[in-house]
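Asks: Okay, sequence plus prediction incoming.
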Amino acid sequence: MILIKNITVRYEEKTVLDRFSLELPEHGITALSGPSGCGKTTLLRVMAGLQPVEGGTAVLPPWPVLLFQENRLLPWRTVGQHIADVLPRDRRGEVGRWLALAELEGEENSYPAALSGGMGRRLALARALACGGGLILLDEPFTGVDAPRAGRILERIRALGTPVVLSSHEKEVVDLCDRVIPLKGPPLHLAVF
Ligand SMILES: Nc1ncnc2c1ncn2[C@@H]1O[C@H](COP(=O)(O)OP(=O)(O)OP(=O)(O)O)[C@@H](O)[C@H]1O
């Protein structure tokens, strides 16, 4: 069970989450949808334990991993090194597996400057997934990625068997998810699913 109950998030005068509650099963892919600025990133940060909140409770699987909206790639590390850097020594052999998941085979020795926007996004996604964890949180994971490829990658993520919560503006991506949580413009109201 993934449970968030009565959580409030304020940025100075602005209330983004107002006694917000959400209950999700611990399997499958959940999409957060809604207009820009409605609080999707804020909610993902709450679930990752990165966001200071007022009141309420959260019951979440251990070791959440969050893909940020920005790629945060390192210009001086190759594609393969980005993955190897987050793997423990005894799992270094998995680099190819994570690159294949993100359809980045053959790019292992490329540097970020040589990647297209969508390729950079897929590298950031592969790196986040390689971290492992009990809950996968993805903030706009397929920015710049064509819809057919995004669909293939999302099905591979589903096969990992770890619960996923993602934000997306892309209808093709949202349609592939198991459930959708619509977040309205601020202030947010109670949304239990
Ligand atoms: N650090 C911050 N300081 C002040 N206000 C913030 C901060 N972070 C977010 N906000 C505000 O909180 C609201 C929700 O932002 P958030 O990034 O969660 O929205 P979002 O739904 O993810 O948007 P987008 O789809 O554009 O990524 C916005 O009004 C934004 O201006």
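Replies: Yep, that arrived.

Asks: Spit out the contact partners of L123.
Replies: Shown in contact with L123 (Cβ atoms under 8 Å, 6 or more residues apart in numbering): N71, L73, V79, H82, A102, L104, E107, P112, L115. Quick note: C-beta positions are derived from backbone N, CA and C, even for glycine.

Asks: Can you show me the strands along this protein?
Replies: For the chain, the strands defined by DSSP state E cover 2-11, 14-24, 29-33, 57-59, 64-67, 135-139, 164-167, 179-182.

Asks: Can you lay out those as JSON lines showing mean neighbour count and distance to R91?
Replies: Formatted as JSON lines, those follow (neighbours: other Cβ atoms under 10 Å; distance: least, Cβ to Cβ, whole Å):
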{"stretch": "strand 2-11", "mean neighbour count": "17", "distance to R91": "26"}
{"stretch": "strand 14-24", "mean neighbour count": "19", "distance to R91": "28"}
{"stretch": "strand 29-33", "mean neighbour count": "22", "distance to R91": "24"}
{"stretch": "strand 57-59", "mean neighbour count": "12", "distance to R91": "29"}
{"stretch": "strand 64-67", "mean neighbour count": "21", "distance to R91": "15"}
{"stretch": "strand 135-139", "mean neighbour count": "24", "distance to R91": "17"}
{"stretch": "strand 164-167", "mean neighbour count": "24", "distance to R91": "21"}
{"stretch": "strand 179-182", "mean neighbour count": "15", "distance to R91": "31"}
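
Asks: how about a markdown table for the ones you listed, with distance to V95 and mean pLDDT added?
Replies: Converted to a markdown table, the strands of the chain look like this (distance: least, Cβ to Cβ, whole Å; pLDDT from 0 to 100):
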| stretch | distance to V95 | mean pLDDT |
| --- | --- | --- |
| strand 2-11 | 30 | 93 |
| strand 14-24 | 31 | 91 |
| strand 29-33 | 25 | 95 |
| strand 57-59 | 33 | 91 |
| strand 64-67 | 17 | 96 |
| strand 135-139 | 19 | 97 |
| strand 164-167 | 22 | 97 |
| strand 179-182 | 32 | 92 |
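
Asks: For the ligand, find the nearest of these.
Replies: The ligand lies closest to strand 2-11 among the strands of the chain, at 3.3 Å (Cβ to the nearest ligand atom).

Asks: Run through the neighbouring helices and strands of that closest one.
Replies: strand 14-24, helix 40-47, strand 57-59 (3 or more Cβ pairs under 8 Å, 6 or more residues apart in numbering; DSSP states H and E).

Asks: what does the second one contact?
Replies: Residues from elsewhere that reach helix 40-47, judged by Cβ under 8 Å, 6+ apart: 2, 4, 7, 9, 16-17, 20, 22, 32-34, 51, 53, 58, 60, 64, 66, 69, 135, 137-139, 165, 167, 183.
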